[in-house]
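>>> What follows is a predicted protein model with its sequence.
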Amino acid sequence: MHTWKLEIEYEGTRYRGWQIQHNAKTVQGELMTAARQLFSERVEIGGSGRTDAGVHAVQQIAHLKTQYELKANITPRQIQHGFNDVLPHDINIVKVTNAPENFDARKHAVQRYYLYQISTRRTAFAKNFVWWIKDNLNVAEMQEAAAMLVGRHDFYSFHEADEAKKSSTVVAVSHAEIFTDGDLICFRIGASHYLWKMVRRIVGMLAEVGRGHSSVSDFGRLVKFKSSAAAKYTAPPSGLFLEKVLYKGETADLPRRAISFFG
């Protein structure tokens, strides 16, 4: 068994999310199609976590596993270039490194960071990467509300219907903040895992606080008590990025700035 760690960036606009689906274009599906051109036997590609339809990644981590003996001496750079030669323009392998045989991108990840970008002005260039809100937003109140997220809470109010029947809705959030960068209001959150649509529903409610349609204390009640109110305020996927995935011994060290597409 040969295992490599892939660092991947992608624009999720054209895809139905990360996870491979029947009769749907997905990021994992495109990677598997590319892998079939590079390897003569079946390979395994698993990501650190699923991103929903339309959600982007500046650092998705995946493992690549194969038994192909003739490729035993293939270099990480050859794998990177091989994939990028055949992948579509909106998926890019940033880095490939050798990994322990048992490395699992999902099981071994300890923290995942997401960044959501709200634009305070209409933009001709970044529509796919922001949520444009015309209303004036009270950033200070959004910051106060976001701080309530840190800690171990039941995020039932921000879950997708019926998800609670499948698994626990308790999530430990290590980091949550609102900051501004030019015309963008950014929300960053770090946690070990997330519920389906959880981040987008949090952002939707933070925007309601910013608009003055909901108070900071109202937001706090959603964190403390179960409610279905957040569902109708789910933010669009366009502004959401999987920003960083951490493994044992790694730290986030993320600057308080919006996504830069060129480092």
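Arrived safely, thanks for sending. This structure is a prediction, so every number in the text was calculated from the model and none was measured. Residues are numbered from 1 along each chain as shown.
>>> what is residue 91 paired to in the beta sheet?
residue 10 (DSSP bridges).
>>> where in this structure is pLDDT low?
Scanning the chain with the threshold set as pLDDT under 70 gives 68-72, 162-166, 262-263.
>>> Show me the residue at the heart of it, geometrically.
residue 242 (2.5 Å; CA atoms, centre = their mean).
>>> Spatially nearest residue to that one, not counting backbone neighbours?
residue 57 (4.1 Å; CB to CB, 6 or more residues apart in numbering). Where C-beta positions appear, they are placed from N, C-alpha and C, glycine not excepted.
>>> In PDB, list the C-alpha atoms belonging to whatever helix or strand that neighbour lives in.
Assigned by DSSP states H and E, residue 57 belongs to strand 56-66. In PDB, the C-alpha atoms belonging to strand 56-66 read as follows (Å, rounded to 0.1, in the frame of the first residue of the first chain):
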ATOM      1  CA  HIS A  56     -15.200  26.200  -1.900                       C
ATOM      2  CA  ALA A  57     -11.900  25.100  -0.300                       C
ATOM      3  CA  VAL A  58      -8.500  26.800  -0.100                       C
ATOM      4  CA  GLN A  59      -7.200  23.800   1.800                       C
ATOM      5  CA  GLN A  60      -9.000  20.500   1.600                       C
ATOM      6  CA  ILE A  61      -6.800  17.600   2.600                       C
ATOM      7  CA  ALA A  62      -7.200  14.100   1.100                       C
ATOM      8  CA  HIS A  63      -5.400  10.800   1.200                       C
ATOM      9  CA  LEU A  64      -4.500   8.900  -2.000                       C
ATOM     10  CA  LYS A  65      -3.900   5.200  -1.500                       C
ATOM     11  CA  THR A  66      -2.900   2.600  -4.200                       C
END
